[in-house]
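> Predicted model, plus sequence, below.
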Amino acid sequence: MEHIIENLRQFWQFTGFANFEIGYLIMIIIGCLFIFLAIKFEWEPMLLVPIGFGILIGNIPLFAGLNVGVYEEGSVLNILYQGVQRGFYPPLIFLGIGAMTDFSALIANPKLLLIGAAAQFGIFGAYAISLALGFDAAQAGAIGIIGGADGPTAIFLSSRLAPTLMGAIAVSAYSYMALVPVIQPPIMRLLTTKKERLIHMKPPRPVSPTEKKLFPIIGFLLTAFIVPSGIPLLGMLFFGNLLKESGVTKRLANTASGPLVDIVTILIGVTVGASTQASQFLRWESVKIFIIGACSFVIATFAGVLFVKFFNLFLKEGNKINPLIGNSGVSAVPDAARVSNNVGLEYDPKNYLLMHAMGPNVAGVIGSAVAAGMLLGFLG
C-alpha cells in the first residue's frame, strides 16, 4: 500500500498541476485570446492560431528534467525552435512572399516606393523610444523593427541582436500586424480632409512581362549592394519573385508560395508561441516592448500619410496621390492595402484604391528588409 501511495506521489509531482504557478494561467489566457480573435474576427488567423496554440504548448507547467520544453537542449520543440533562434525560418517565409507577390503596381508607378520608405520611420522612431526606455543599442534595433509590421523580419533581426527578447518582439510584431485594421483607420481619418479622401488616382499603366522579369534581378542587385547584410531576406524575396515571373519555374513558384510557406508559417508560429513561457515572457521588458510596438505602428502610419500629403504639394492636379494609401507603406501585405481600399470606399463607393495601395505595400516589404540589413550592419 505504501508503495502505491509513493508511486502516486511521484506521479503527482510530474503533472502540470503540481508545478502550476499563476504566470502560466495568465499566458494560457493570452493564448486563448489570440485563438479567439483569430476565429471570431478573422484577425490574421494564419498567424494568431499557430501562435496562440503555441502559447498553450509553452505554458504547460513542466517538471524539470522531462526534456520536452522548448528551452531544453535536444528536445523536439527545442530542435524545431532552432529555425527561429538561428534565423533560417524568416528567409524561407520571404521566399514564399516573393513567389506570391505581384510587384506590378510598384513597377508601374515607382514613386510609390517613396511612401514605403517614409513608413519605415516607424522603425527608427521605435528605435529611439527603446533607447530612451533603457534598452541597449542592439536591443533597441531589434525592438525597432516591429515598426515595419513584418513578423519574419522581426524574428530574423532579434535572433541576431537580442535573442533573449525574441519571444516578446515576435509576439508583439504579429499582434500588431493583426490589429492593422483597428489601429490605422482612425489615424488616416484624423490626418486627411474629405477632399483628399476623394482623390481618384489614374489607373496604373500596363507592365510588360519583360519588366516583371527584370525587376527582381535589378531590385536585388541594387538593394544588396547598398545593404549586403540584408542578403538573406532580400535574396530570398527577389528570388521567389523571379520564380513567379520567369514563366518557366511554375512548379517551384507554386511550391514556394503554397506548401513551403504554409509549413514554415506553422512551425514559426507554434515555436514562437511556445517560447513565451511565463518565466521568460512575463517581465517588465515585455510590457515595454508591447508599448513601443504600438507607438511604432502609429509613427509608421503618421509618416506614410503625412509624406503623401507633402508629396502632393509638388504634383499637378490630376496626378495627385490619395493620402489614404500612405498607411500601406508598412510591410503587412496585403492587409494594410486592404485598409486603404476599405477606408476609401467609405467616402466614395467607386474609388478603388487597392491596386494603388499595393505599390507602397510591397515597397514596405522591401523597405523593412533593407532597414533590418542596415540595423544589422551597424549593430550586429
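Thanks, I have the structure now. Predicted model, so just to flag it, every value in this text is computed and none were measured. Residues are numbered from 1 along each chain as shown.

> and the helix or strand encompassing residue 307, what's its mean pLDDT?
Per DSSP states H and E, residue 307 falls inside helix 284-312. This predicted structure assigns helix 284-312 an average pLDDT of 93.

> Check which helices and strands that helix is in contact with.
Contacting helix 284-312 under the criterion 3 or more CB pairs under 8 Å, 6 or more residues apart in numbering; DSSP states H and E are the following elements: helix 113-118, helix 121-132, helix 137-144, helix 166-178, helix 180-191. Quick note: C-beta positions are derived from backbone N, CA and C, even for glycine.

> so it versus helix 137-144, what angle?
With axes from the mean of the first three to the mean of the last three CA atoms, to 10 degrees applied, the angle from helix 284-312 to helix 137-144 works out at 60 degrees.

> where does this structure dip in pLDDT?
In the prediction, the chain carries residues with pLDDT under 70 at positions 1-3, 380.

> what's whatever helix or strand residue 157 lives in in contact with?
Of the helices and strands defined by DSSP H and E, residue 157 is found in helix 151-161. Contacts to helix 151-161, defined as CB atoms under 8 Å, 6 or more residues apart in numbering, come from residues 47, 84-87, 89-91, 93-94, 138-139, 141-143, 145-146, 148, 165-166, 169-170, 172-174, 177, 232-233, 268, 272, 331, 368-369, 372, 375-376, 379-380.

> what do you get for stretch 171-183?
34, 37-38, 43-44, 47-48, 51, 145-146, 149-151, 154-155, 269, 272-273, 276, 281, 289-290, 293-294, 296-298, 301, 330, 332, 335-336, 338-339, 342.

> ok, of those, which come out buried?
If you count burial by 16 or more other CB atoms under 10 Å, the buried members of these come out as 34, 37-38, 43-44, 47-48, 51, 145-146, 149-151, 154-155, 269, 272-273, 276, 281, 289-290, 293-294, 296-298, 301, 330, 332, 335-336, 338-339.

> Show the backbone phi and psi for residue 192.
Torsion angles at residue 192 (phi, psi; degrees, to the nearest 10) stand at phi -120, psi 150.

> does it really touch residue 323, like I thought?
Yes: the pair formed by residue 192 and residue 323 meets the contact definition of CB atoms under 8 Å, at 4.9 Å.

> The two: which has the busier surroundings?
Summary of the neighbour comparison: residue 192 and residue 323, criterion other CB atoms under 10 Å, with residue 323 having more neighbours (25 against 22).

> and the gap between that one and residue 313?
Taken as CB to CB, to the nearest Å, the spacing of residue 323 relative to residue 313 amounts to 12 Å.

> do residue 62 as well
Separation of residue 62 from residue 313 (CB to CB): 60 Å.

> mind listing what residue 272 touches?
For residue 272, the residues meeting the contact criterion (CB under 8 Å, 6+ apart) are 51, 54, 84, 155, 166, 167, 170, 171, 174.

> can the residues you listed go into a markdown table with extra columns for distance to residue 119?
Converted to a markdown table, the contacts of residue 272 look like this (distance: CB to CB, whole Å):
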| residue | distance to residue 119 |
| --- | --- |
| 51 | 24 |
| 54 | 29 |
| 84 | 26 |
| 155 | 20 |
| 166 | 24 |
| 167 | 25 |
| 170 | 20 |
| 171 | 22 |
| 174 | 18 |
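
> Closest to residue 226 out of those residues?
Each of the contacts of residue 272 was checked against residue 226 using CB to CB; the closest is residue 155, at 22.6 Å.

> Residue 279: what's it in contact with?
For residue 279, the set of contacting residues under the criterion of CB under 8 Å, 6+ apart consists of residue 23.

> what's the spacing between it and residue 68?
Look at residue 279 and residue 68: by CB to CB, they are 16 Å apart.

> Neighbour count for residue 62 and residue 313, which is higher?
Counted by other CB under 10 Å, residue 62 and residue 313 do not tie: residue 62 has more neighbours, with 19 against 7.

> right, and the more buried one touches residue 75 too?
No: taking CB under 8 Å as the definition, residue 62 is not a contact partner of residue 75, at 10.1 Å.

> Mutual contacts of these two, please.
Shared contacts of residue 62 and residue 75, defined by CB under 8 Å, 6+ apart, are found at 68, 69.

> What's the local residue count around the residue lying closest to residue 191 once chain neighbours are set aside?
Take residue 191 and drop its neighbours on the chain: the residue closest to it by CB to CB, 6 or more residues apart in numbering is residue 305, 4.6 Å away. Counted with other CB under 10 Å, the neighbours of residue 305 add up to 29.

> Render the CA-only coordinates of the helix or strand where residue 78 lies in PDB, please.
Here residue 78, judged by DSSP H and E, is contained in helix 76-85. Backbone C-alpha positions of helix 76-85 (Å, rounded to 0.1, in the frame of the first residue of the first chain) are rendered in PDB as follows:
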ATOM      1  CA  VAL A  76      11.800  18.000 -30.100                       C
ATOM      2  CA  LEU A  77      10.400  21.500 -29.500                       C
ATOM      3  CA  ASN A  78      13.900  22.900 -29.000                       C
ATOM      4  CA  ILE A  79      15.100  21.400 -32.300                       C
ATOM      5  CA  LEU A  80      12.100  23.000 -34.100                       C
ATOM      6  CA  TYR A  81      12.800  26.300 -32.300                       C
ATOM      7  CA  GLN A  82      16.300  26.300 -33.800                       C
ATOM      8  CA  GLY A  83      14.800  27.600 -37.000                       C
ATOM      9  CA  VAL A  84      13.700  30.700 -35.100                       C
ATOM     10  CA  GLN A  85      16.900  31.000 -32.900                       C
END
